[in-house]
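1. Fold the following for me, if possible:
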Amino acid sequence: MTRSPEWVPPGVDISVPSMARTYDFMLGGGHNFAVDRAVGVQIERAMPGLREAARVNRAFLGRAVRFMADRGIRQFLDVGSGIPTVANVHEVAQACDPECRVVYVDRDPVAVAHSELMLAGNDHAAVVQADMRDPEKILESPQVRGLLDLDEPVGVLMLLMLHWIPDESDPLDLVGRYRAAMADGSFLAITHVTGDHQGDNLTDATDVIKESRSPDQVTLRTHAQVTELFAGFEIVEPGLVGCGEWRPAGPADISDASDMNMLVYAGIGGKKSAGHR
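-> The predicted structure follows:
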């Protein structure tokens, strides 16, 4: 029987892959298990350069938070935050203004445990263990109610999350439930895997996930379908574009492999007022 490392929370089955931990592996993190690394290696073998796509997505996170902070946002909800790595939301936001408040949300116990360790002593940030498909639980949690004022604008991030929500679970309705709780002037950032610019290698990569024991499965969506997820929001310039094309600040924000810049769509929407037409 395989012994879990001491940092693994009780009840975590290290024989079952987690996409949060596989993403951690792709970013070069150390809080993943052999089963996560095996899936990650197989995915990247099917689709070389996937680590670059993960890096480009992470770089977008920083630009998105700074964009929102520049427009006066001082509170953030990171839905599906994953295992802490470099340039986390609270680090970027609090570099803009130390008074920024951040709540992370993830269902993965490893991600939550390490977020709690990272945030120890930070009175302006907290983490909630919950599934993104239960926005009411998240929004009514003590952490959100204690740190965020939802009567004021908030920056919500759903990065690399909505492609794990199948069509039958109605992702448009799910996003709408979050939107309903967001004050006018709030922003929503989304990144979402697409097959619009990819070939058979993406199919091979998603087949690896299907054949693993992971409970998470990818639903690829087109540009039009991802745009629909922004219903009720005004998408800001440059619109919904490849992750590496959303306001890059320098070479570090872009991949040399052009297809990895376009594997993931990225966009930010501002919430329209009720009277907006």
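2. Provide the contact partners of stretch 125-144 at residue level.
-> Residues outside stretch 125-144 that contact it (C-beta atoms under 8 Å, 6 or more residues apart in numbering): 77, 79-81, 90, 94, 101-107, 109, 112, 115-116, 119, 146-147, 150, 158, 161, 165, 169, 174, 177-178, 181. The C-beta positions use only the backbone N, C-alpha and C, and glycine is treated the same way.
3. nope, stretch 149-161 is what I meant
-> Applying C-beta under 8 Å, 6+ apart, the contact partners of stretch 149-161 are 23, 57, 60-61, 64-65, 68-69, 72-73, 75-81, 89, 132, 139, 144, 148, 175, 178, 181-193, 264, 271.
4. Give me the buried subset of the residues you listed.
-> 23, 57, 60-61, 64-65, 68-69, 73, 75-81, 89, 132, 139, 144, 148, 175, 178, 181-182, 186-193, 264, 271 (16 or more other C-beta atoms under 10 Å).
5. Please name the bridge partners of the spatially most central residue of the chain.
-> Nearest residue to the geometric centre of the chain (C-alpha atoms, centre = their mean): L159, 2.5 Å. As for beta bridges, L159 partners with T191 under DSSP bridges.
6. how close does it sit to L27?
-> Using C-beta to C-beta, to the nearest Å, L159 is found at 12 Å from L27.
7. the strands in the stretch 151-277 of the chain, which residues?
-> Under the criterion DSSP state E, counting those that start in this stretch, the stretch 151-277 of the chain carries strands at the ranges 155-159, 187-193, 233-235, 241-242, 264-271.
8. K210: which of these is closest?
-> In terms of C-beta to C-beta, the element of these nearest to K210 is strand 187-193, at 14.1 Å.
9. Next, report how far that closest one is displaced from the centre of its chain.
-> 8 Å (C-alpha atoms, centre = their mean, to the nearest Å).
10. Straight-line length of stretch 130-138, end to end?
-> 7 Å (C-alpha to C-alpha, to the nearest Å).
11. Can we start the residue count at 30 from this point?
-> Right, with 30 as the first residue, what we last looked at is stretch 159-167.
12. tell me which residues in it are buried?
-> Applying 16+ other C-beta under 10 Å to stretch 159-167 flags 159, 161, 164, 167 as buried.
13. looking at the chain, which helix or strand is least sure?
-> The weakest-scoring helix or strand in the chain, judged by mean pLDDT, DSSP states H and E, is helix 287-290 (a mean of 72).
14. contact partners of it?
-> Against helix 287-290 from outside (C-beta under 8 Å, 6+ apart): 78-79, 81-82, 85, 226-227, 271-274, 283-284.
15. follow-up on the earlier one: among the contacts of stretch 178-190, name the ones in helices.
-> 52, 86, 89-90, 93-94, 97-98, 118, 168, 173, 204, 207, 210 (DSSP state H).
16. what separates the residue nearest to the centre of the chain from S215, distance-wise?
-> Applying C-beta to C-beta to L188 and S215 gives a distance of 16 Å.
17. now do L292
-> In terms of C-beta to C-beta, L292 sits 27 Å off from S215.
18. Am I right that P127 falls within a strand?
-> No - counting by DSSP: H, G, I helix; E, B strand; the rest coil, P127 is not part of a strand but coil.
19. Run a quick neighbour tally on it.
-> Close neighbours of P127, defined as other C-beta atoms under 10 Å, add up to 8.
20. Then G111?
-> 27.
21. which residues touch it?
-> Per C-beta under 8 Å, 6+ apart, neighbours of G111: 49, 52-53, 135, 137, 140.
22. tell me the contacts of the residue nearest to it when sequence neighbours are not counted?
-> Spatial nearest neighbour of G111, excluding adjacent residues (C-beta to C-beta, 6 or more residues apart in numbering): A49 at 4.9 Å. A49 sits next to 109, 111-112, 135, 137, 139-140 when contact means C-beta under 8 Å, 6+ apart.
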